[in-house]
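In: Fold the following, please.
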Amino acid sequence: MPHKQPEDRVYTVISGIFYIGLGDQFDASKLEAYPTGAVVILPGNTPHFHWAKSSEYVTQVTAMGPLGLEYLSAKDDPRSSSDRKNSAT
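Out: Now for the predicted structure:
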């Protein structure tokens, strides 16, 4: 789901194919494929989304903190799930 972080991030694809798209709404046609060994630099506050389109992938993410995560739509944020809140009580 579309989200952004305040910090710059560097993604290194360790294995598989990493799909990432830019924009504030998920759009599969905007996904770009990055193979094993690719390095992706994403400036802070850039709305984006990922998808494990072809299979699983492993990325190494490097950033300087403080770190953050903001979903562009609150309904996409798994941290605010009512099911999760109910299971914790």
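
In: Walking through the chain, point out its helices one by one.
Out: Applying DSSP state H to the chain gives helices spanning 82-87.

In: wait, isn't E32 in contact with I17?
Out: No: E32 is beyond contact range of I17, at 10.2 Å (criterion: C-beta atoms under 8 Å). C-beta: built from backbone N, CA, C; applies to glycine.

In: If you count surrounding residues, which of those two has more?
Out: Higher neighbour count among E32 and I17: I17, with 16 against 11, using other C-beta atoms under 10 Å.

In: Give me the buried stretch members for stretch 22-40, please.
Out: Residues of stretch 22-40 classed as buried by neighbour count (16 or more other C-beta atoms under 10 Å): 26, 31, 34, 40.

In: So H48 sits against G23, correct?
Out: Yes: the criterion here is C-beta under 8 Å, and H48 meets it with G23 at 7.4 Å.

In: Overlap of the contact sets of the two?
Out: P2 (C-beta atoms under 8 Å, 6 or more residues apart in numbering).

In: Now do the same contact list for G21.
Out: Going by C-beta under 8 Å, 6+ apart, G21 touches 27-28, 30-32, 48-51.

In: Disregarding residues adjacent in the polypeptide, which is nearest to it?
Out: K30 (3.8 Å; C-beta to C-beta, 6 or more residues apart in numbering).
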